[in-house]
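Chemist: Show me how the following folds:
(one chain, ligands or ions: 1)
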Amino acid sequence: MDTARADHDRRPLSLLARRLSIYSLILWITGFVLASEADAASVRSQNFIVHGPDQTVIRSVAQKAEDLRHKIAMAWLGKPLPAWPKPCPIQLKLTGGEAGGVTSFSFDQGRVTDQEMNLEGSADRIINSALPHEITHTVFAWHFGAPMPRWADEGACMLSEDHRELARQDEIINGLVDRKGHVPLGTLFTMEEYPKDLLGFYGQGYSVSRFLIEIGGRDRFLKFVGDGTKIGWDSATRRHYNLPDSKELDRAWRSWHRVVASRRAPGHLHPESTLAAADREKRNGRNNAGQPTIRAQSDDSLRR
Ligand SMILES: [Zn+2]
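Modeler: Numbering: from 1, shown residues only. Here you go, the predicted structure:
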């Protein structure tokens with residue numbers, strides 16, 4: 001997506017607050033609550049409130065969202081997230097096609113103060129692709145309490161998607177490297193907004209995240225990303241990957257891609273896929289910076 005859409009996705013907090021106060025009127029029954037109107041329904045779970053046109057689907061999405069929130073936090077942080085102080089609204093739009101999503105966060109003083117998710121597509125693709133991707137954004141947002149660098153945020157979120165999407169990303173990065181359309185890692189690491197070549201940006205972010213996780217695991221990856229924004233990417237590369245600078249890391253990534261990644265058959269079961277991971281690493285350390293910030297993720301439907 002482009003920057004303009006990101007700006008469009010920034011919603012005034014007063015509007016969010018008004019919407020949340022409406023949601024709070026919905027009553028709880030144990031577990032899930034169903035509140036239906038003529039053409040829409042809502043289901044509330046502990047940490048989500050899902051709005052959409054089909055009660056069966058939104059109930060499935062609420063249950064899956066809770067399940068993914070737990071599994072993805074365990075895979076990345078080694079422990080579950082605490083219950084959120086208020087449920088994350090999910091707006092669901094059912095179509096027949098591929099799924100996409102966007103999640104917007106507000107941050108203040110190292111904490112998430114508001115979040116909102118929009119998902120669109122077929123129920124199957126939402127549940128297997130867009131929902132795990134967007135839930136991973138929420139896990140990272142609550143872990144860092146601040147916007148995560150774009151390449152790492154999108155790249156690592158891709159690793160939660162199903163094998164169909166991972167295979168598609170493999171094809172994209174192979175094509176990108178073949179035509180030398182990738183950017184140096186020193187540039188990728190500092191990109192604050194989504195570039196014009198959104199597909200390439202997602203593909204390279206995905207591949208570099210896979211590479212770093214494969215050589216060092218998830219915990220090291222999160223520390224590298226947290227330190228990179230504070231002490232610089234060359235220093236973070238030395239500290240966490242024992243290479244002199246991001247140029248050498250770039251060289252290592254390209255060698256890895258040439259030798260390892262590009263030879264994997266499409267649809268290969270990636271051992272570094274978040275939800276397939278057997279090894280769970282413990283988190284320590286927390287990024288704690290921040291002036292009030294509002295951050296919208298890319299409209300991920302645009303990369304389809
Ligand atoms: Zn995303």
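
Chemist: Could I get the average pLDDT for stretch 93-104?
Modeler: Averaging pLDDT along stretch 93-104 yields 93.

Chemist: That one and the ion, any residue contact?
Modeler: No - applying C-beta under 5 Å from the ion, one finds stretch 93-104 separated from the ion by no less than 7.1 Å. C-beta: built from backbone N, CA, C; applies to glycine.

Chemist: buried ones in that stretch?
Modeler: By neighbour count on 16 or more other C-beta atoms under 10 Å, the buried set for stretch 93-104 is Leu94, Glu98, Ala99, Gly100, Gly101, Val102, Thr103, Ser104.

Chemist: I'd like to know which of those are part of strands.
Modeler: The strands, defined by DSSP state E, take in Leu94, Gly100, Gly101, Val102, Thr103, Ser104 from these.

Chemist: Now do the longest strand belonging to the chain: which elements does it pack against?
Modeler: Determined from DSSP E, the single longest strand within the chain is strand 111-121. In terms of contacts (3 or more C-beta pairs under 8 Å, 6 or more residues apart in numbering; DSSP states H and E), strand 111-121 is packed against helix 13-23, strand 88-94, strand 100-108, helix 131-144.

Chemist: model confidence over the helix or strand following that strand, on average?
Modeler: Going down the chain from strand 111-121, the next helix or strand is helix 123-125, by DSSP states H and E. Helix 123-125 carries an average pLDDT of 93.

Chemist: Strand partners (parallel or antiparallel) of the longest strand of the chain?
Modeler: According to DSSP bridges, strand 111-121 forms sheet pairs with strand 88-94 (parallel), strand 100-108 (antiparallel).

Chemist: then the last one to CSV, C-alphas only?
Modeler: Backbone C-alpha positions of strand 100-108 (Å, rounded to 0.1, in the frame of the first residue of the first chain) are rendered in CSV as follows:
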residue,chain,number,x,y,z
GLY,A,100,-6.4,-8.9,3.2
GLY,A,101,-6.4,-6.9,6.4
VAL,A,102,-5.3,-3.7,8.1
THR,A,103,-4.7,-3.2,11.8
SER,A,104,-4.2,0.3,13.3
PHE,A,105,-2.6,1.0,16.6
SER,A,106,-2.3,4.1,18.8
PHE,A,107,0.8,4.2,21.1
ASP,A,108,1.5,6.4,24.1
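
Chemist: now the helix or strand hosting Val208 against helix 131-144, angle please.
Modeler: Counting by DSSP H and E, the element that carries Val208 is helix 198-231. For helix 198-231 against helix 131-144, the angle by axes from the mean of the first three to the mean of the last three C-alpha atoms, to 10 degrees is 10 degrees.

Chemist: What helices and strands are in contact with helix 198-231?
Modeler: Where contact means 3+ C-beta pairs under 8 Å, 6+ apart, helix 198-231 is packed against helix 55-77, helix 150-158, helix 163-178, helix 185-188, helix 233-241, helix 246-259.
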